[in-house]
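Peer 1: My questions are about this predicted structure, shown below with the sequence.
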Amino acid sequence: MPRRTMIEAIRDAMAVAMERDDDVVVFGEDVGYFGGVFRCTQGLQARFGKSRCFDAPISELGIVGAAVGMAAYGLKPCVEIQFADYMYPAYDQIVSEAARLRYRSGGQFTAPMVVRMPTGGGIFGGQTHSQSPEALFTHVAGLKTVVPSNPYDAKGLLIAAIEDPDPVIFLEPKRLYNGPFDGHHDRPVTPWARHDLGEVPDGHYTVPLGKAAIRREGSAVTVLAYGTIVHVAEAAAAETGIDAEIVDLRTLLPLDLETIEASVRKTGRCVIAHEATLTSGFGAELAALVQETCFYHLEAPIVRVAGWDTPYPHAQEWAYFPGPERVGRALRAALEG
């Protein structure tokens, strides 16, 4: 089976979708001739032509606004915002237009569109190239929010997102583009070619939205994570020797609450880990849901580990990033609680 990086898997997903459906169009800043800042769209313009894959002006508001109009007209735009940090000028179009179009029109119009964004840190991008804004989207009724952790899922989830009849926010952890990252920044990068989930089938397949995956089975504590932190949690479990069950959420909305409940009821303890800032992060919603649905099964308080409530620092990146040492402390706290 072919092995691909996450960049190659995402590119292949768009190519498969464009090959199957002439209504799928791809555009954004530098995505055409240049192939995108991370080269996720490289070769698509040459293959499908300038009317199917093209460059847009430097205007996130314009990119998403045009995508909403195209989607209402019947096309299926898959647009790229160069960094998730740049999406704020487009936020009104995402929230007030794309997310509400089906409701406001009484079902007469829909917005079958995908907004792709590289997210998270780990690349010394500083405060304007490292943010994790997923909670700003999960708060909005009408949006689906996806965060893959590996190439296999990235391709299957992106195809599913493009084929979905409603708007999907597709957040791509940029530190995972070329290999899994366990939080040890001082070690050589492991390529996806040496990882099982780097195996990505050719052709069409989907990973269903709203279905989590158990990345590591365990009995001592449940870890709820997504994106880069899935790999950090695996490293923390290995280094502490704690028998943690690691749940990769994959899709934040719709959320696979059934898998979460089953795991927490089995282990009786729960750690929630994400890279975004702690206060009002998506982990707070997860904690509330676990408390509501698993209260009588919990043997200890829920523990959260996340980024600090500060702008993402450039010079102190690894003090901010919730690496395996901090996740390991959270695992021990859950067992001692």
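Peer 2: That came through fine.
Peer 1: So in the protein, where's the weakest helix or strand by average pLDDT?
Peer 2: Per-element confidence for the chain was summarised using mean pLDDT, DSSP states H and E. The lowest value among helices and strands belongs to helix 317-320, with a mean of 93.
Peer 1: Let me know the next secondary structure element after that helix.
Peer 2: Tracing the chain C-terminally past helix 317-320 and defining elements by DSSP states H and E, one meets helix 324-336 next.
Peer 1: Alpha carbons of that next one, as CSV, please.
Peer 2: Output in CSV follows, covering the C-alpha atoms of helix 324-336 (Å, rounded to 0.1, in the frame of the first residue of the first chain):
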residue,chain,number,x,y,z
PRO,A,324,4.8,14.5,27.1
GLU,A,325,6.2,15.6,30.5
ARG,A,326,3.1,17.8,31.2
VAL,A,327,0.7,15.2,29.9
GLY,A,328,2.5,12.6,32.0
ARG,A,329,2.0,14.7,35.1
ALA,A,330,-1.7,14.9,34.3
LEU,A,331,-1.9,11.2,34.0
ARG,A,332,-0.3,10.8,37.4
ALA,A,333,-2.6,13.4,38.9
ALA,A,334,-5.7,11.5,37.6
LEU,A,335,-4.4,8.3,39.2
GLU,A,336,-3.7,10.0,42.5
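Peer 1: what's it packed up against?
Peer 2: Counting contacts by 3 or more CB pairs under 8 Å, 6 or more residues apart in numbering; DSSP states H and E, the secondary-structure elements packed against helix 324-336 are strand 221-225, helix 228-240, strand 270-277, strand 303-307. Yep, even glycine has a C-beta here, placed from its N, CA and C like the rest.
Peer 1: Going by neighbour count, which residues of that helix are buried?
Peer 2: Residues of helix 324-336 classed as buried by neighbour count (16 or more other CB atoms under 10 Å): 324-328, 330-331, 333-335.
Peer 1: Contacts only, for S132.
Peer 2: 84, 119-121, 171, 227, 274-277, 307 (CB atoms under 8 Å, 6 or more residues apart in numbering).
Peer 1: and which of the residues you listed is nearest M6?
Peer 2: Nearest to M6, judged by CB to CB, of the contacts of S132 is G227 at 10.8 Å.
Peer 1: Am I right that that closest one is in contact with P148?
Peer 2: Yes - applying CB atoms under 8 Å as the test, G227 and P148 come out as touching, 7.3 Å apart.
Peer 1: doesn't G121 make contact with S130?
Peer 2: Yes - taking CB under 8 Å as the definition, S130 is a contact partner of G121 at 3.5 Å.
Peer 1: shared neighbours, the two?
Peer 2: The contact lists of S130 and G121 share 312, 317, where a contact means CB under 8 Å, 6+ apart.
Peer 1: ok, which stretches of the chain are strands?
Peer 2: Listed in chain order, the strands of the chain (DSSP state E) span residues 24-28, 53-55, 76-80, 114-119, 144-146, 168-173, 213-216, 221-225, 244-248, 251-253, 270-277, 303-307.
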